[in-house]
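[1] Have a look at this prediction, sequence included:
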Amino acid sequence: MDDFLIRAVLAGVGVAIVTGPLGAFVVWRRMAYFGDTMAHSAFLGIALGFLLHLNVSIGIFAVAVAIALSLGFAQRQKTLATDTLLGLFAHGALAFGLVGLTFLEGVRVDLMGYLFGDILAVGQADLLWIYGSGAAVLSAVAILWRQLLSMTIHEELAQVEGVPVALLRILFMVMIALVIVVALKIVGILLITSLLIIPAATARRFARNPEPMAALAAFLGVLAVIGGISGSFVWDTPSGPSIVVTAFLVFVLSLLVPNVALRYLAGQEEKPVSHAPPRLPQNR
Amino acid sequence: MSPVSQIVVPPPCEGHDHRRCIDEALKMAAKLCHHRKARFTPLRRRVLELVWESHVPLGAYAILDALQERGKLARPPTVYRALDFLQKQGLIHRIESQNAYIGCVDPSRPHRGQHLICRNCGKVTELDDRAVEVTLQSGAKDKDFVLDYATVEGEGLCSDCREGEASLPLAALAKAPISVVTDRGPEPKVAPALVSASGLSLARDGLLVLDRVSLTVHEGEIVTIIGPNGSGKTTLVRALLGLIKLDEGEILKSKELRVGYVPQAFEVDPNLPLTVGRFLRLGGKKKADAHAVIELTGAGQLLDTPIQQISGGEIRRVLLARALLRKPNLLVLDEPAQGVDIVGQAALYKLINAVRRESGCAVLMISHDLRLVMAATDEVVCLNHHVCCAGHPEAVSRHPEYLALFGGEADETSFAVYTHRHDHRHDEAGNVVAFEGPEGLSHG
């Protein structure tokens, strides 16, 4: 097996392990398009990185965090809805980035590489980046799990119980920004959100509690990466999109598992089918 | 010593409205500064207000802390500059022995500080006696000494503290630099206050949502806030919990305060798989504790059910269990009966009473079901942006402002506190089961 393939699989697996649990939170907190907006802003980060002679990754990270923070700030006004704001910021940042890139003389940016990812070009340094930041994000999620979960279930209840909600919200955005920076290499700007959303969405039906869902999402993500890269190797298809196609196919296949089997998996006794409603509001 | 004109700062008389004292002092200061063409900036005004709000001398850093608590950025030099200004204008005196400041009762006439300091409660009384000043001046002159600056500070016990009884709580208060609790003078013997809010004001879009609302919850007490829709009930509770910022006002929380909160709206995103048991465990308590609470609230057979699938009444019970798992001494319930049918409501209020009996925690709740409130509460606060009336349910229900607010609905309470009872209940499958015991035999 070729070296670049091994590196690609390692990189993809590293990213998928992180996007699983983090993606679960994105799904629970209904932030799918939030992640998308941050990803779209990456072009602005690339342009800024070149302009200021910074590392491109640092540029992307900084812009993503800035966009997330200003979104949080913009949400305080009440005349524009969040989805409108997201569209505004996403495409504003994307367009600014694309225009900005044309002003950079002598720099040719591989647009397609950024849009769809270039997993086969992953190098040693990229792997270090992926596993370093992945370990940081995963351990932060693990340490803050209870607090993050409490905040996701009911923000005010969590706040009354002493969870530093405002701080955690910012931290969560920073983590997403970090994951976007590394996942960019794998699936590209346009498909990043899919790595966060699809495995988590697939895992939802099979879980009765948050922790199994997060773990299953990570596992399904790894499955999609391995399947996608193998597929692209065999049929000579682009790797990033192939990973997303695999993830999507796994989701569709998961729908074929009947509810009865799910209940069996959850360890519940299969009750005889009754025509009475399963659980009515009861007065006691 | 000759009879002295003694002015107490502030007069600790019954029903003394310290807020008015403060306002008058501030007005006086503004007038004096205007007259003297001195710049009485908002910050200087605020500092003076803080000094006046406290019954004990305030140090510069206590003032700095208080300013920062209200979200104002102030650095030590700013505060010291303001204090220096106020002192030069004769608006405050410096208590040298404590390196702290106290408001001057008569700033219009320049005079040296002469203070009697109680060593127990820390309260300072200004002894504004010209004779003392004259004696000092003439004594210095005899010794051919030019006297620039002199303060007189006497230490001893004030009349309140000599009575012994009241000494303990006051001594404790002396350690807290800012306090409004003593405003009403020595209180009758009640349980210590868990939360005490005073003068809470909040405006939204130019409308006053809360207008100088004051509220105190003592240990073990059930306080219910009632009021029409949009009267600021939830806003008040959210402010007390620290969930929203206020424009004005002060909230004092006991150090032992531990809040269990049952929010009004509770819906878990269907994307989030969560069983009732896992939700309860998120509170982070040992299983043994959890068991008793779950028994009490009757959330037991729900543990394996996804939280999205249980009914409104069951949600309330689960939330109550979660709140109780924190072993609170104050339970805050926002419309606990919302979305629960009338039978469930009666059961729920009964449960709240049982919880209070078993755990001894205080309860602060919002409700607009008057009949149920009347039966199961120690104190009712009737809110319509301002506090219309407050007190024992019986007294409130006869108050003219209450009757004006609730009109016809209130009439119902005059003839019957709600006593709907059933001779049966429903088991888990919805079957009718007779009640054990003599309870609830009144109607069928």
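    Nice, I can see it.
[2] Not counting residues beside it along the chain, what's closest to residue A:159?
    residue A:165 (4.7 Å; CB to CB, 6 or more residues apart in numbering or on different chains). Any C-beta I mention is one placed from the backbone N, CA and C, and that applies to glycine too.
[3] what do you get for residue A:217?
    Nearest non-adjacent residue to residue A:217 (CB to CB, 6+ apart): residue A:20, at 3.8 Å.
[4] still on that earlier bit, burial count for the residue nearest to residue A:159?
    Using other CB atoms under 10 Å in any protein chain shown, residue A:165 has 17 neighbouring residues.
[5] re earlier: any idea which element the residue nearest to residue A:217 lies in?
    Using DSSP states H and E, the element containing residue A:20 is helix A:3-28.
[6] what's the average pLDDT for that helix?
    Throughout helix A:3-28, pLDDT has a mean value of 90.
[7] Counting by contacts, list what it packs against.
    helix A:32-40, helix A:124-143, helix A:145-153, helix A:165-187, helix A:192-204, helix A:210-235 (3 or more CB pairs under 8 Å, 6 or more residues apart in numbering or on different chains; DSSP states H and E).
[8] Please pull up the helix or strand immediately following the third one.
    Think helix A:145-153. Assigned by DSSP H and E, the successor of helix A:145-153 is helix A:155-160.
[9] what does that following helix rub up against?
    A:147, A:150-151, A:165, B:238, B:241-243, B:259, B:261, B:263, B:266, B:332 (CB atoms under 8 Å, 6 or more residues apart in numbering or on different chains).
[10] ditto for stretch A:212-230
    By CB under 8 Å, 6+ apart, stretch A:212-230 touches A:5, A:8-9, A:12-13, A:15-21, A:23-25, A:119, A:186, A:195, A:198-200, A:202-204, A:206-207, A:239, A:242-247, A:250, B:273.
[11] Contacts only, for residue A:194.
    Here residue A:194 is in contact with A:187, A:244, A:247, A:248 (CB under 8 Å, 6+ apart).
[12] Around chain A, pick out the residues from the stretch 101-250 of chain B.
    Those residues of the stretch 101-250 of chain B that sit near chain A, judged by CB under 8 Å from any CB of the partner chain, are B:238, B:241, B:242, B:243.
[13] Could you look up the SS state of the residue most central in space within chain B?
    With distances taken as CA atoms, centre = their mean, residue B:196 lies nearest the centre of chain B, 1.4 Å away. Following DSSP: H, G, I helix; E, B strand; the rest coil, the label given to residue B:196 is strand.
[14] Provide a list of residues in contact with the residue most central in space within chain A.
    Centroid-nearest residue in chain A, with CA atoms, centre = their mean: residue A:196, separated by 2.7 Å. Shown in contact with residue A:196 (CB under 8 Å, 6+ apart): A:19, A:22, A:23, A:26, A:27, A:32, A:35, A:176, A:179.
[15] who does residue B:93 bridge with?
    Beta-bridge pairing for residue B:93 (DSSP bridges): residue B:102.
[16] Is it in contact with residue B:104, as I believe?
    Yes. Contact criterion CB atoms under 8 Å: residue B:93 and residue B:104 qualify, at 5.4 Å.
[17] can you pull out the strands in the stretch 1-150 of chain B?
    B:6-7, B:58-59, B:92-95, B:100-103, B:114-118, B:124-127 (DSSP state E, counting those that start in this stretch).
[18] The residue nearest to residue A:217 and residue A:184: what is the separation?
    Per CB to CB, to the nearest Å, residue A:20 is found 18 Å from residue A:184.
[19] now residue B:52
    Computed as CB to CB, the residue B:52 to residue A:184 distance reads 59 Å.
[20] and if you look at residue A:250?
    22 Å.
[21] list the contacts for residue B:390?
    Per CB under 8 Å, 6+ apart, neighbours of residue B:390: B:215, B:379, B:380, B:381, B:382, B:396.
[22] returning to that earlier point: pull out the buried residues from the helix holding residue A:20.
    A:5, A:7-28 (16 or more other CB atoms under 10 Å in any protein chain shown).
[23] Could you give the separation of it from the chain centroid?
    9 Å (CA atoms, centre = their mean, to the nearest Å).
[24] what does stretch B:313-321 give?
    Counting by CA atoms, centre = their mean, stretch B:313-321 comes out at 27 Å from the chain centroid.
[25] what sits up against that stretch?
    Contacts of stretch B:313-321 (CB under 8 Å, 6+ apart): A:281-283, B:262-263, B:266, B:276, B:279-280, B:293-294, B:296-299, B:302, B:307, B:310, B:331, B:333, B:336-337, B:339-341, B:344, B:347-348, B:351-352, B:355.
[26] So which of those are in strands?
    Judged by DSSP state E, strands contain the following of the contacts of stretch B:313-321: B:262, B:331, B:333.
[27] nearest to residue B:30, of the contacts of residue A:196?
    Distance to residue B:30 across those (CB to CB) is lowest for residue A:176, with 51.9 Å.
[28] Okay, the spatially closest residue to residue A:12 that is not a sequence neighbour and chain B: tell me how far apart.
    Ranked by CB to CB, 6+ apart and with sequence neighbours excluded, the top spatial neighbour of residue A:12 is residue A:225, at 3.4 Å. Applying CB to the nearest CB, to the nearest Å, the value for residue A:225 to chain B is 23 Å.
[29] Return the per-residue confidence for residue A:225.
    pLDDT, read off for residue A:225, is 92.
[30] burial count for it?
    31.
[31] Contact partners for residue 144?
    With no chain named, the answer covers chain A. For residue A:144, counting by CB under 8 Å, 6+ apart, the contacting residues are A:168, A:171.
[32] What is the burial count for the closest residue to chain A within the stretch 251-400 of chain B?
    Of all residues in the stretch 251-400 of chain B, the one sitting closest to chain A is residue B:311 (3.0 Å; CB to the nearest CB). As a burial measure, residue B:311 scores 18 neighbours (other CB under 10 Å).
[33] quick one, phi psi at it?
    Main-chain torsions, residue B:311, degrees, to the nearest 10: phi -80, psi 170.
[34] Run a quick check on the residue nearest to the centre of chain B versus residue B:251, I expect a contact.
    Yes. Residue B:196 is in contact with residue B:251 according to CB under 8 Å; the separation is 7.5 Å.
[35] Tell me how far the residue nearest to residue A:217 lies from residue A:251.
    The value you get for residue A:20 to residue A:251, if CB to CB is used, is 14 Å.
[36] With residue B:381 instead?
    In terms of CB to CB, residue B:381 sits 53 Å off from residue A:251.
[37] more neighbours, these two?
    Ranked by neighbour count (other CB under 10 Å), residue B:381 and residue A:251 place residue B:381 first, with 25 against 19.
[38] List the contacts of the more buried one.
    Here residue B:381 is in contact with B:215, B:223, B:224, B:225, B:226, B:387, B:390 (CB under 8 Å, 6+ apart).
[39] ok, now which ones touch the fifth one?
    Residue B:226 makes contact with B:233, B:366, B:367, B:368, B:370, B:373, B:380, B:381, B:382, B:383 under the criterion CB under 8 Å, 6+ apart.
[40] Now do it, the pLDDT please.
    85.
[41] Show the buried residues in the residues of the stretch 101-250 of chain B next to chain A.
    Buried among those by 16+ other CB under 10 Å: B:238, B:241, B:243.
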